[in-house]
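Chemist: Structure, please.
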Amino acid sequence: MIEIAEVLAINGGPKAVTEPAPPNLLHGTNEIGEEEIRAVTNVLRSKVLFRYAADPSKSTVAQLEALFAAKTGARYVLGVNSGTSALIAGLIALKVSQGDEVLIPAYTYIATASAVMAVGALPVLVEMDESLSMDPQDMERKITDRTTAVIPVHMRGIPCDMGRIMEIARRRKIAVLEDCAQTNGGTFGGRALGTFGDAGIFSLQHYKIAASGEGGLVITNDRDTYERAAVYHDSAYAFWMEERAQDPAAAEQWKNMCFLGENFRMSELHGAVALEQLKKRDRILARTRMIKRHLWPACEGIPGAVMEGLNDRAGDCGISLVFFMPDAASAVNIAAILAAEGVRCGTVFSKQFPDRHIFYHWDYVMNKRSAHRNGAPWSLEKNPPRVSYTKDMCPRTIALLERAVMLPITQIMTDPYVDQVVGAIQKVARSWKG
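Modeler: Here you go, the predicted structure:
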């Protein structure tokens with residue numbers, strides 16, 4: 001009997017994936033239903049859109065904060081209007097000041113860098129490792145006498161190595177602000193991400209695991225850190241607290257704590273949506289984690305592929321899967337072959353496509369562009385100036401991202417679809433010669 005060899009779809013063979021693909025790759029917004037509609041309608045019917053305009057116990061933002069505290073184990077939670085606002089308030093809470101240096105990974109959304117710049121500090125870029133997050137070894141190399149804080153970012157749902165990062169930070173006496181914008185519900189060693197550092201932040205933006213369109217959260221276990229974040233997130237916060245104080249001493253304390261703040265408050269409408277979304281978060285992650293466990297062995301079977309480094313497999317949110325090929329050309333090639341079979345995937349870094357999650361494409365950071373006439377924050381750098389940026393300054397990050405192939409995962413992928421994706425990957429693996 002003559003065996004007929006498999007023909008790849010890219011060469012004219014049949015596609016392996018024929019089941020309908022999910023219409024999008026979102027998480028929280030795919031779960032919007034009657035619960036969110038009812039919650040928003042109730043707020044509108046109440047005609048109270050501002051959390052301090054009514055009974056605090058009825059505030060949707062306050063309920064969101066309480067539920068998030070229960071889910072993370074954090075003592076204090078503060079709702080704000082975006083993840084970027086959460087980063088800025090968190091940095092102010094940790095007393096990061098003008099001219100300070102703050103370590104951030106070279107692979108993170110540009111908002112991490114812009115938040116550092118917004119408080120007048122200077123972002124210092126740290127290489128990433130195979131976990132797509134901050135390399136602790138390079139982090140320590142980048143610490144100087146001007147470093148006051150580090151922002152480890154848990155990218156694509158994968159936890160950083162918080163054990164090593166916290167050991168270095170404590171030993172070198174720098175503050176830690178965890179950026180958990182993409183890992184709402186992730187853990188490390190069984191403990192909620194965001195609770196390792198001095199503070200943690202989360203995003204509730206449209207593309208996030210739990211989404212309210214816009215919104216964010218700051219969490220901490222330190223009362224002083226919480227109060228500083230709260231005062232900064234609302235230029236009148238201390239006044240609201242002073243008015244609600246139960247005794248003169250408490251009122252005087254809030255009066256004395258007042259300092260310049262912003263308007264980063266979360267509205268009751270956003271709080272209503274976020275509260276219902278948070279109730280669905282764990283179910284979303286249970287599904288994405290199951291799908292990733294199903295896809296992993298198939299990807300691992302591709303000749304030459306090296307799987308992403310997971311610092312804590314159980315704590316991974318499972319919202320993406322990444323493997324590294326031996327070189328950039330083979331990554332582009334196999335991504336194209338998989339895509340032809342119907343697998344949603346792609347390479348991560350391209351000089352032509354400006355992905356703002358990669359420092360290479362942070363134009364206003366690379367060129368030190370400022371919104372201010374005096375050139376701040378760059379003009380605030382202490383002498384001698386030492387912070388500079390070039391597109392080749394983090395070569396390991398670029399080298400890894402050039403070789404990376406990413407498969408996004410959403411909970412609405414059906415079992416038949418996932419099974420066919422697995423089959424497609426296995427088909428390509430059998431034919432791949434490198």
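Chemist: Helices of the protein, start to end?
Modeler: Taking DSSP state H to define them, one finds helices in the chain at 34-46, 60-72, 83-93, 110-118, 136-142, 162-172, 223-233, 237-244, 248-257, 268-300, 328-340, 363-366, 395-402, 415-431.
Chemist: what would those look like in CSV with distance to Val102 and mean pLDDT?
Modeler: C-beta here means a position set from N, CA and C on the backbone, and glycine is covered the same way. As requested, those are arranged in CSV below (distance: least, CB to CB, whole Å; pLDDT from 0 to 100):
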stretch, distance to Val102, mean pLDDT
helix 34-46, 36, 98
helix 60-72, 23, 98
helix 83-93, 7, 98
helix 110-118, 5, 98
helix 136-142, 10, 98
helix 162-172, 12, 98
helix 223-233, 16, 96
helix 237-244, 24, 78
helix 248-257, 24, 74
helix 268-300, 27, 98
helix 328-340, 31, 97
helix 363-366, 12, 96
helix 395-402, 18, 98
helix 415-431, 40, 98
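Chemist: which one of the ones you listed is the most hemmed in?
Modeler: helix 83-93 (a mean of 28; mean count of other CB atoms under 10 Å).
Chemist: Run the chain-centre distance for that one.
Modeler: 14 Å (CA atoms, centre = their mean, to the nearest Å).
Chemist: Would you mind giving the orientation angle of it with respect to helix 223-233?
Modeler: 130 degrees (axes from the mean of the first three to the mean of the last three CA atoms, to 10 degrees).
Chemist: Run through who's touching helix 83-93.
Modeler: Residues outside helix 83-93 that contact it (CB atoms under 8 Å, 6 or more residues apart in numbering): 78, 80, 102, 111-112, 114-116, 118-119, 121, 149, 151, 177, 179, 181, 199-205, 208, 216-218, 220, 225-226, 228-229, 232-233, 262, 264.
Chemist: Can you say which of the helices of the chain is nearest to Pro377?
Modeler: Pro377 sits nearest to helix 110-118 of all the helices of the chain, at 5.2 Å, using CB to CB.
Chemist: Need the contact partners of that closest one.
Modeler: By CB under 8 Å, 6+ apart, helix 110-118 touches 83-84, 87-88, 91, 96, 102, 104-105, 122-123, 151, 153, 179, 181, 356-357, 359, 362, 365, 377.
Chemist: Write a ChimeraX command that selects only the buried members of those residues.
Modeler: Only the buried entries of the contacts of helix 110-118 go into this ChimeraX selection, using 16 or more other CB atoms under 10 Å:
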select :83,84,87,88,91,96,102,104,105,122,123,151,153,179,181,357,359,362,365,377
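Chemist: To Gly185, which of the helices of the chain lies closest?
Modeler: helix 268-300 (4.8 Å).
Chemist: name the helices or strands packed onto the closest one?
Modeler: If contacts are counted by 3 or more CB pairs under 8 Å, 6 or more residues apart in numbering; DSSP states H and E, helix 268-300 sits against helix 34-46, helix 60-72, strand 76-80, strand 306-307, strand 320-324, helix 415-431.
Chemist: switch to 6 Å and redo it
Modeler: If you count contacts as 3 or more CB pairs under 6 Å, 6 or more residues apart in numbering; DSSP states H and E, helix 268-300 packs onto helix 34-46, helix 60-72, strand 320-324, helix 415-431.
Chemist: now the angle between helix 328-340 and it, please.
Modeler: Using the same axes, to 10 degrees: helix 268-300 against helix 328-340 is 110 degrees.
Chemist: Helix 268-300 vs helix 415-431, what angle?
Modeler: 40 degrees.
Chemist: Quick one: work out the angle between helix 268-300 and strand 76-80.
Modeler: Using the same axes, to 10 degrees: helix 268-300 against strand 76-80 is 100 degrees.
Chemist: Show me how far helix 268-300 is from its chain's centre.
Modeler: Counting by CA atoms, centre = their mean, helix 268-300 is centred 14 Å from the centre of its parent chain.
Chemist: Please apply the same query to stretch 160-171.
Modeler: 18 Å.
Chemist: what's next to that stretch, contact-wise?
Modeler: 133-134, 136, 140, 150, 152, 154, 176, 188, 196, 311 (CB atoms under 6 Å, 6 or more residues apart in numbering).
Chemist: before we move on, the earlier item: of the helices of the chain, which approaches Val348 most closely?
Modeler: Nearest to Val348, of the helices of the chain and by CB to CB, is helix 395-402 at 4.5 Å.
Chemist: List of residues touching the closest one?
Modeler: Against helix 395-402 from outside (CB under 6 Å, 6+ apart): 106-107, 127-128, 328, 348-349.
Chemist: try stretch 252-268
Modeler: By CB under 6 Å, 6+ apart, the list of residues contacting stretch 252-268 reads 43, 49, 51, 60-61, 79-81, 85, 89, 215, 231-235, 238, 241-242.
Chemist: ok, the nearest residue to Val77 once chain neighbours are set aside to Gly79 distance?
Modeler: Closest residue to Val77 apart from its sequence neighbours, by CB to CB, 6 or more residues apart in numbering: Glu65 at 4.1 Å. Separation of Glu65 from Gly79 (CB to CB, to the nearest Å): 6 Å.
Chemist: Could you do Leu217 as well?
Modeler: Distance from Leu217 to Gly79, by CB to CB: 6 Å.
Chemist: can you pull the contacts of Ile291?
Modeler: So Ile291 contacts 409, 413, 418 (CB under 6 Å, 6+ apart).
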